[in-house]
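# What shape does this take:
(2 chains)
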There are 2 protein chains.
Amino acid sequence: MRDVAIIGVGLNKKWGELWNVSLRDLFVEAALNAVDDAGVDHLDSMYVGCMTSGLFVGQEHLGSLMADYLGANPIPATRVESACASGGAAFRQGFIEVASGISDYVLVGGVEKMTDVGGDEATYALSAAADMEYEAYHGVTFPGLYALMARVHMERFGTTCKQLAQVAVKNHKHGALNPEAQYPFEVTVEDVLGSVMVADPLHILDCSPITDGAAAVVLCPLDTARRIAKKPVVRVLASAQASGTIALHSRKDLASIESTSQAATKAYRAAGIGPRDIQVAEVHDCFTIAEIMVLEALGFVETGKGGQAAESGMTALGGRIPVNTSGGLKAKGHPVGATGVAQVIEITRQLRGDAGPRQVKDARIGLTQNMGGTGGSSVVHILGAA
Amino acid sequence: MRDVAIIGVGLNKKWGELWNVSLRDLFVEAALNAVDDAGVDHLDSMYVGCMTSGLFVGQEHLGSLMADYLGANPIPATRVESACASGGAAFRQGFIEVASGISDYVLVGGVEKMTDVGGDEATYALSAAADMEYEAYHGVTFPGLYALMARVHMERFGTTCKQLAQVAVKNHKHGALNPEAQYPFEVTVEDVLGSVMVADPLHILDCSPITDGAAAVVLCPLDTARRIAKKPVVRVLASAQASGTIALHSRKDLASIESTSQAATKAYRAAGIGPRDIQVAEVHDCFTIAEIMVLEALGFVETGKGGQAAESGMTALGGRIPVNTSGGLKAKGHPVGATGVAQVIEITRQLRGDAGPRQVKDARIGLTQNMGGTGGSSVVHILGAA
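This next block holds a predicted model:
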C-alpha cells in the first residue's frame, strides 16, 4: 500500500441557503477550487459523497452528472452514501484507491442541496438516515433521537443544558472567524437557552442548520505530492470506518457512540498514536450533545466528562485541543454529504498553517470524525503535516 | 496490488414482485447465501450497491442498515450508487479494497426494492438516473430515451424491429432455464411485435421489468482463495469503469455507448486479452436496443452489426459467444442496484462449471457489462477460471 497525501482543497464560496446555485454548480465550484489549489492538470478518478439528492432534488447518478459537468469524463466517477457520513466515507474510498496503486490523482467531493424543499420535506429526507421502518415511520425525527441520547447523558453524568449551550457558544465563536460559514456570528449561553425548544432538552441553537454546500479535495501518492506540491503536503496517517446499529433502540447504551469508538481505536492503532497526540479536531456536532458524546468516544476526555470540555475552555481555540475551529456543523453549516470532506479541508488548512485567525499554533497532527444518523456509521481520519 | 478472487455467490431465492419481503430482508437473504457459499466465518468490510432506496422506500444509510441486519457491524459498510450500474460500481470498490491489502474478506451486495410504489412513482424514481433538470423534468422517460437511440441505430444501420425482438426472444429462452428469474418463460418474435407499444419502436417486451431482488458475492485475495475455497476459484482479471455524459443530448453520437467502449478498452488492456477471448458475457439489456449497442461497444461485433447478433444465433447458448445466459435484465429481472452483482454471479457460475442447463461448455473467461442511465456510467469486469 502506498502512503497518501492531500494536495488540494476547495469549497464553494460560502455555505448557506443558496437558491441561485444548483446541485451540480455547487459541486463543480468546489471541485474546480480543489483542482486549482492542487495545481494538477488531470484526474484519474473521482468520488461524490452525497446523502440523498434523490429526495432533495430528484437526482441520482451523481458520479456521472458531476464528472460530466466538471468536464472530467471518461474517468470513473462514483457516488458514495453513508447518510451524514457520506463525505467521510467518500474520502475513505478515494484514500483506498490511491493507496491501492490503481489511481494517482483522485478527487473526492461532497455535496448536498437541501433548501430547494420545505421544512417538512427536509425533515423527511433526513429521517432516511434513521431506520425508516422502526424509527422514522413512527414519527421520531433526528432532534428527537438526539434528545433521547441527551436525556440519558444528563441523567447518568449530570450533564447540564448550560453545558450543551456552551458547545454552541464555542463553535459559533470559532465560526465567527470563518467567512465561508453559514452563520458566522457569536451567540451567548442565554441566546441558546432562550431559543425555541425543538426536542427537550435541545433548543434550536443546539441544532446544526439546513445548508447548501460542497467541498472537495485532491489526493495523490505521498511521493508524488512531495515532488509536485506547491503548498505544504498533508499526509493521511489513518482512515478508519465502523458501523453501529442504525436504530437507537438496538443500542446497548444510548449515552455513547460505539461506532466512533470503534473507528477511533482502529485509526489510532494505524497511525501509531493516541488521543493525546491530536492537536486539533473537527467532529460531528450535528447537535451539541453529539460533540459531547463524540469527545468521549474519541478518548479526548473520560466517559461522562464531555459536558465539561467546552465549559472549561479545553476545546476552544487556545485550549488544550481546539475542536471545530471551522465553526463545526453548528455554525459553518451542515450540507450533509459535504460535511465529512469539509472537515478534512479545515484540518488540512490547520496543518498547512493556513487557517488565518483560526490557526492552531504549531499544529502537526489533526483528526476528523464524521458520522451518519445517530452513529449507525462513523469515519475517523487522522492527518499529519508531512 | 494483490490479485482478487470470488469465493462465494448468492441471490435471494427468486426475483420478482415480492410484496412480502422488505429491502433489508432481500439483501440479508442474498448476503447470507453468499457467505454460506464462501464458507467464511467473518467479513472485514462490505459494500451495498443500490440506486434509489430513498425514492423507492424512503430509506438511505444502507451500509449501516444492512451491516446491522446481517449481524456484521462494526465492520465498515458503504453504499455505492451509480444508477443502474450501482451493483457493478460496488463490486469495483470491493475489488479495489481487497487489491489494496486493506481488507481480506469483503462482501459486495446489490439490492433494489422497486414494487412498493406505483408505476408513476417508479418511473419518477428511475428517471433520477437521467439528467433531472434537462431530461426527466421535461417529461422524457427511459423507454423514451432508449427509443431515440434505437431510432438512430435503425436509420443509420438498418437495424429492424424484428432484430430488436430477437434479443428478447433469445434472453427469454435463456431465462426459461433459470428458476431464479422473474419471467422464466419463452416469448416469440410475434409476441414481442404484438405487445403494447411503450415508446416507438420499443414494445413492452423490448423493456426489462420492475423487480425486487438482491445479489451478493464474497471477495478475497487470490492466494487465500486457493488455500480455503471449497469450490472452483474465479479470478477478477480486470475491473474498469468509465463515465459518459449523463444527458443524451450532450452525446457526440446517439447510436453508440462511449462509456462502455472506454471501460471495455481499459478492461481488455488490464486483462491482456481482446473481445475474441471472451467465451460468455452478461450485458446490460435494460432494453433490447441496449444489448445491440453494447455488443458493438464491447467489440463483440463491428459497429452497426449488433442487430444481426441475436438473429444469427451468435449470442445464444451454443453460439460463438453466448450473451445473457441468465436471461439478462429482460427475463431474469432488473432490480437496478442488484443487477451488476448478479451479472458477476452468473459468470462465476459459468466459470465454475455450475450453470446447469445454461452451462457454456469449457468456459474459462467471461465478461460483465453494467451501465447507468443511457450510458452515463459503465462498469466492465473480466473474470477467469483460476
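
# can you give me the strands for chain A?
Here chain A has its strands, by DSSP state E, at A:4-11, A:45-49, A:77-81, A:106-112, A:197-199, A:202-203, A:213-221, A:234-243, A:280-282, A:365-372, A:377-385.

# Mind putting those into JSON lines with mean neighbour count and mean pLDDT?
(Glycine included, C-beta is placed from N, CA and C.) Output for those, formatted as JSON lines (neighbours: other CB atoms under 10 Å in any protein chain shown; pLDDT from 0 to 100):
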{"stretch": "strand A:4-11", "mean neighbour count": "26", "mean pLDDT": "98"}
{"stretch": "strand A:45-49", "mean neighbour count": "31", "mean pLDDT": "98"}
{"stretch": "strand A:77-81", "mean neighbour count": "31", "mean pLDDT": "98"}
{"stretch": "strand A:106-112", "mean neighbour count": "31", "mean pLDDT": "98"}
{"stretch": "strand A:197-199", "mean neighbour count": "17", "mean pLDDT": "98"}
{"stretch": "strand A:202-203", "mean neighbour count": "24", "mean pLDDT": "98"}
{"stretch": "strand A:213-221", "mean neighbour count": "30", "mean pLDDT": "98"}
{"stretch": "strand A:234-243", "mean neighbour count": "25", "mean pLDDT": "98"}
{"stretch": "strand A:280-282", "mean neighbour count": "28", "mean pLDDT": "98"}
{"stretch": "strand A:365-372", "mean neighbour count": "30", "mean pLDDT": "98"}
{"stretch": "strand A:377-385", "mean neighbour count": "28", "mean pLDDT": "98"}
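
# Which residues outside stretch A:258-274 are in contact with it?
Here stretch A:258-274 makes contact (CB atoms under 8 Å, 6 or more residues apart in numbering or on different chains) with A:237-244, A:251-252, A:275, A:294, A:297-299, A:365, A:367, A:369, A:371, A:375-382, A:384, B:73-74.

# Packing partners of the helix or strand bottoming out on mean pLDDT in chain A?
One helix or strand of chain A scores below all others by mean pLDDT, DSSP states H and E: helix A:119-127, with a mean of 95. Applying 3 or more CB pairs under 8 Å, 6 or more residues apart in numbering or on different chains; DSSP states H and E, one finds that helix A:119-127 makes contact with helix A:53-57, helix A:142-157.

# still on that earlier bit, and the strands of chain A as JSON lines, adding distance to chain B?
Converted to JSON lines, those look like this (distance: least, CB to the nearest CB, whole Å):
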{"stretch": "strand A:4-11", "distance to chain B": "11"}
{"stretch": "strand A:45-49", "distance to chain B": "8"}
{"stretch": "strand A:77-81", "distance to chain B": "4"}
{"stretch": "strand A:106-112", "distance to chain B": "11"}
{"stretch": "strand A:197-199", "distance to chain B": "20"}
{"stretch": "strand A:202-203", "distance to chain B": "21"}
{"stretch": "strand A:213-221", "distance to chain B": "13"}
{"stretch": "strand A:234-243", "distance to chain B": "4"}
{"stretch": "strand A:280-282", "distance to chain B": "20"}
{"stretch": "strand A:365-372", "distance to chain B": "5"}
{"stretch": "strand A:377-385", "distance to chain B": "5"}
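
# Any chance of JSON lines for those strands, columns distance to B:Thr188?
Below are the strands of chain A laid out as JSON lines (distance: least, CB to CB, whole Å):
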{"stretch": "strand A:4-11", "distance to B:Thr188": "56"}
{"stretch": "strand A:45-49", "distance to B:Thr188": "44"}
{"stretch": "strand A:77-81", "distance to B:Thr188": "40"}
{"stretch": "strand A:106-112", "distance to B:Thr188": "48"}
{"stretch": "strand A:197-199", "distance to B:Thr188": "61"}
{"stretch": "strand A:202-203", "distance to B:Thr188": "64"}
{"stretch": "strand A:213-221", "distance to B:Thr188": "52"}
{"stretch": "strand A:234-243", "distance to B:Thr188": "49"}
{"stretch": "strand A:280-282", "distance to B:Thr188": "63"}
{"stretch": "strand A:365-372", "distance to B:Thr188": "50"}
{"stretch": "strand A:377-385", "distance to B:Thr188": "50"}
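
# Any residues of the stretch 101-250 of chain A in contact with chain B? List them.
Residues of the stretch 101-250 of chain A lying close to chain B by CB under 8 Å from any CB of the partner chain are A:101-102, A:124-125, A:127-133, A:136-137, A:240-247, A:250.

# Swap in 7 Å and give it another go.
Counting by CB under 7 Å from any CB of the partner chain, the stretch 101-250 of chain A comes close to chain B at A:101-102, A:128-129, A:131-132, A:241-246.

# Please list only the buried members of those.
A:102, A:128-129, A:131-132, A:241-246 (16 or more other CB atoms under 10 Å in any protein chain shown).

# Could you count how many residues lie near A:Asn20?
By other CB atoms under 10 Å in any protein chain shown, 6 other residues sit near A:Asn20.

# pLDDT score for it?
With respect to pLDDT, A:Asn20 scores 95.

# What of A:Lys230?
Listed pLDDT for A:Lys230 reads 88.

# is it true that it touches A:Val40?
No. Using CB atoms under 7 Å, A:Lys230 is not in contact with A:Val40, being 10.5 Å away.

# Among the residues of the stretch 101-250 of chain A next to chain B, list the two that are farthest apart in space.
Spatially, the most separated pair among these is A:Gly101 and A:Met132, at 39.0 Å (CB to CB).

# Among the strands of chain A, which comes closest to B:Gly10?
strand A:234-243 (20.4 Å).

# angle of the closest one against strand B:77-81?
Angle of strand A:234-243 versus strand B:77-81, following axes from the mean of the first three to the mean of the last three CA atoms, to 10 degrees, is 100 degrees.

# so who does A:Thr160 touch?
A:Gly307 (CB atoms under 7 Å, 6 or more residues apart in numbering or on different chains).

# circling back to that earlier point, pipe the helices and strands packed on helix A:119-127 into TSV and attach mean neighbour count and mean pLDDT per row.
As requested, the helices and strands packed on helix A:119-127 are exported to TSV (neighbours: other CB under 10 Å; pLDDT from 0 to 100):
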stretch	mean neighbour count	mean pLDDT
helix A:53-57	25	98
helix A:142-157	20	98
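
# Could I get these in a markdown table, plus columns for distance to A:Gly313?
What follows is the helices and strands packed on helix A:119-127, written out as a markdown table (distance: least, CB to CB, whole Å):
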| stretch | distance to A:Gly313 |
| --- | --- |
| helix A:53-57 | 38 |
| helix A:142-157 | 19 |
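
# Could you point out which of those sits nearest B:Leu205?
Using CB to CB as the measure, helix A:53-57 is the one of these that comes nearest B:Leu205, at 29.0 Å.

# Can you tell me what sits against that closest one?
Contacts for helix A:53-57 (CB under 7 Å, 6+ apart): A:23, A:59-60, A:62, A:112-114, A:116-117, A:125, A:128, B:52, B:54-55, B:128, B:132.

# pLDDT score for A:Ile102?
Predicted confidence (pLDDT) at A:Ile102: the value is 97.

# Grab the nearest non-local neighbour of it.
Closest residue in space to A:Ile102, ignoring its immediate chain neighbours: B:Ile96 at 5.8 Å, by CB to CB, 6 or more residues apart in numbering or on different chains.
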